[in-house]
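S.K.: The sequence isn't on hand, but the structure is:
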């Protein structure tokens, strides 16, 4: 499904500020897997997603999506396979346009022609789907997105990503900017959609218990490397304490759990 | 005076549509306009003089405008030249090109040449006054353009163009190359500007290479005046209505300045100053209005 082969990314190469953001990463993600990614700031989590989505290009290595070598594909071309949500709720929508206009843009992914797809039939369809968000947005189709709260916007962005029919969903701390109640609701929706549509998903989170409770596989990154990778039964038996212990065993230093990872 | 305001307001509103598209929908402040406007005029004048039919002359004026817009977007996309500079480059080069188009002349009169306006006014001569025929034609022409744009901007392509100025990142994420959209949008906008230039040349009876000077600023002033009259920024139908209103209103202010300005010692030379001040005042008022609205929301 998604395969990274010996991917390396270096920032500020050949300068005193050189940072190896990704070090020879080999990663295979199978279809339908829901992978949670944890790691300290600067571990390379976001760089990993950026390399997969095409926002950044790797210095070395190859990237395959659905068996297609996308290493040299521009971001907009890869976007036809990928749905992506960021921490900042304003990134994923066109804020001055209405909810229905945003939905139709996401639903009809890719370059489009001179056709009017936004009709009463699609409106009914959108209403039905918006109702799934349980936020009352189904009655606000003509409201501009700028009037929505952060949680509502993030829920809409999630729905837009799902409606675009991605084979891969990339979530970059998409609940980090929300209050706990909204964050919980968005996570619940994410889990539900991912299971229902069986979308292969990568989710970065700073919350260790979320990383443990959600998903089918857990990856821990540190200094540009994948240092810990569990799935299935092994992941189910994981606890926060075990995870911290594991990190110490692997890295022989304390995981600064207060500043970087929220244990909850 | 009143028909002068209406005629000019309507003719120039075609140009203001173009300015609106680049400034508001695409968020691509495009200064090509100062060059593509006289380009449309020069192309039309030359073709009419050579005996081409009016329709062909106007179509080619639109195309010539589009090509200059396409060029601006292309050098912006490929050479990563900032959009303002790209527009200035094209505009400057168009100055020389326009002189070439006119056959190494700075202006070209269209006396004794059949234009769209002479044709239209002869159409119903004797039945209704010629001025009215022209006015009816202009209203029809502008409304038709408006309706075509209204429909275009609710199509899938039109929606993505509107989203571009809103959030370019979002365009990439929904799988569209923003560069294509810029090419399409800026070409369309300058096509409209060229068409407006063509109408102006036929209306005033000559093409002049200097007629583009400050067009972008008058377009922008019209856009901002128009925005005073509209209550919703979401509906394209209302937005384009605002554009026409703004254009007519701007021309009215200019007429008043020209006719009554001498009471306060103003000359036509001061009109550019007035236009600039008009824009600044509009910005101040909208800024003030916005902060008020935001307070209401809280």
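M.R.: Yes, it's here. All values reported here derive from a predicted model rather than from experimental measurement.

S.K.: which regions of chain B sit below the pLDDT cut-off?
M.R.: Counting by pLDDT under 70, the ranges of chain B that qualify are B:231-234, B:289-298.

S.K.: Now do stretch A:240-256: distance to the chain's middle.
M.R.: 25 Å (CA atoms, centre = their mean, to the nearest Å).

S.K.: List the buried residues of that stretch.
M.R.: A:240, A:243-244, A:246-247, A:255 (16 or more other CB atoms under 10 Å in any protein chain shown). (C-beta placed from N, C-alpha, C; glycine too.)

S.K.: Adding distance to chain B, secondary structure and pLDDT, write these out as CSV.
M.R.: Below are those laid out as CSV (distance: CB to the nearest CB, whole Å; DSSP: H, G, I helix; E, B strand; the rest coil; pLDDT from 0 to 100):
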residue, distance to chain B, secondary structure, pLDDT
A:240, 33, helix, 83
A:243, 32, helix, 83
A:244, 35, helix, 82
A:246, 35, helix, 80
A:247, 33, helix, 79
A:255, 33, coil, 62
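
S.K.: helix, strand or coil for the residue most central in space within chain A?
M.R.: By CA atoms, centre = their mean, chain A has its centre lying nearest to residue A:171, at 1.3 Å. Residue A:171 carries the three-state label strand when classified by DSSP: H, G, I helix; E, B strand; the rest coil.

S.K.: got the contact list for it?
M.R.: A:84-85, A:190, A:201-204 (CB atoms under 8 Å, 6 or more residues apart in numbering or on different chains).

S.K.: before we move on, the earlier item: adding distance to residue B:169 as columns, could you present the buried residues of stretch A:240-256 in CSV?
M.R.: Formatted as CSV, the buried residues of stretch A:240-256 follow (distance: CB to CB, whole Å):
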residue, distance to residue B:169
A:240, 35
A:243, 33
A:244, 36
A:246, 36
A:247, 34
A:255, 33
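
S.K.: what mean pLDDT does the longest helix seen in chain A have?
M.R.: Looking across chain A with DSSP state H, the single longest helix is helix A:180-197. For helix A:180-197, mean pLDDT is 92.

S.K.: how about the residues of the stretch 101-250 of chain B that lie near chain A?
M.R.: Within the stretch 101-250 of chain B, the positions adjacent to chain A are B:151-152, B:154-160, B:162-163, B:166-167, B:169-178, B:180, B:233-234 by CB under 8 Å from any CB of the partner chain.

S.K.: Show me what the longest helix of chain A is in contact with.
M.R.: A:34, A:132-134, A:149-151, A:154-155, A:158-159, A:162, A:169, A:171, A:174-176, A:178, A:199, A:201, A:203, A:210, A:214.

S.K.: buried residues in it?
M.R.: For helix A:180-197, by 16+ other CB under 10 Å, it's A:182-183, A:185-187, A:189-191, A:193-194.

S.K.: Downstream of it, the next helix or strand is which one?
M.R.: Counting by DSSP states H and E, the next helix or strand C-terminal to helix A:180-197 is strand A:200-204.

S.K.: after that next one comes which helix or strand?
M.R.: Next helix or strand after strand A:200-204 toward the C-terminus (DSSP H and E): helix A:208-213.

S.K.: Show me what residue of the stretch 151-264 of chain A gets nearest to chain B.
M.R.: residue A:164 (6.9 Å; CB to the nearest CB).

S.K.: Please enumerate the helices of the stretch 101-250 of chain B.
M.R.: Secondary structure of the stretch 101-250 of chain B, counting by DSSP state H, counting those that start in this stretch: helices at B:116-123, B:130-152, B:156-166, B:168-173, B:178-204, B:215-229, B:236-260.

S.K.: now the fifth one and helix B:130-152, what's the angle there?
M.R.: Translated: helix B:178-204. Relative orientation of helix B:178-204 and helix B:130-152, computed by axes from the mean of the first three to the mean of the last three CA atoms, to 10 degrees: 170 degrees.

S.K.: Summarise which helices and strands helix B:178-204 is packed against.
M.R.: Counting by 3 or more CB pairs under 8 Å, 6 or more residues apart in numbering or on different chains; DSSP states H and E, the packing neighbours recorded for helix B:178-204 are helix B:2-20, helix B:33-49, helix B:54-79, helix B:116-123, helix B:156-166, helix B:168-173.

S.K.: now for these, which one comes closest to residue A:123?
M.R.: Smallest distance to residue A:123 across those (CB to CB): 14.1 Å, for helix B:156-166.

S.K.: which secondary structure elements does the closest one contact?
M.R.: Against helix B:156-166 (3+ CB pairs under 8 Å, 6+ apart) you get helix A:99-107, helix B:168-173, helix B:178-204.

S.K.: ok, so what distance separates residue A:190 from residue A:150?
M.R.: Using CB to CB, to the nearest Å, we find residue A:190 at a distance of 15 Å from residue A:150.

S.K.: And residue A:92, by the same measure?
M.R.: Remark: distance between residue A:92 and residue A:150 (CB to CB) = 11 Å.

S.K.: Mind checking which of the two has more residues around it?
M.R.: In this view residue A:92 and residue A:150 are compared by other CB atoms under 10 Å in any protein chain shown, and residue A:92 has more residues nearby, 27 against 16.

S.K.: sec struct for that one, please.
M.R.: At residue A:92 the chain is in coil, as set by three-state DSSP.

S.K.: Is it in contact with residue A:155, as I believe?
M.R.: No - using CB atoms under 8 Å, residue A:92 is not in contact with residue A:155, being 10.7 Å away.

S.K.: related to what we said a few turns ago, highest mean neighbour count across the helices of the stretch 101-250 of chain B, which stretch is it?
M.R.: Stretch with highest mean neighbour count among the helices of the stretch 101-250 of chain B: helix B:178-204 (a mean of 26; mean count of other CB atoms under 10 Å in any protein chain shown).

S.K.: What angle do helix B:236-260 and that helix make with each other?
M.R.: Going by the same axes, to 10 degrees, helix B:178-204 makes 40 degrees with helix B:236-260.

S.K.: and the stretch 101-250 of chain A, which residues reach chain B?
M.R.: For the stretch 101-250 of chain A, the residues in contact with chain B (CB under 8 Å from any CB) are A:101-102, A:104-106, A:108-118, A:142, A:144, A:164.

S.K.: at 10 Å instead, please
M.R.: For the stretch 101-250 of chain A, the residues in contact with chain B (CB under 10 Å from any CB of the partner chain) are A:101-102, A:104-118, A:142-147, A:157, A:160-161, A:164.

S.K.: Show me just the buried residues among the residues you listed.
M.R.: A:101-102, A:104-109, A:111-112, A:117-118, A:144-145, A:157, A:160-161, A:164.

S.K.: Take the helices and strands packed on helix B:156-166 and write them to a markdown table, including distance to residue B:260.
M.R.: A markdown table is the format used below for these (distance: least, CB to CB, whole Å):
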| stretch | distance to residue B:260 |
| --- | --- |
| helix A:99-107 | 45 |
| helix B:168-173 | 45 |
| helix B:178-204 | 22 |
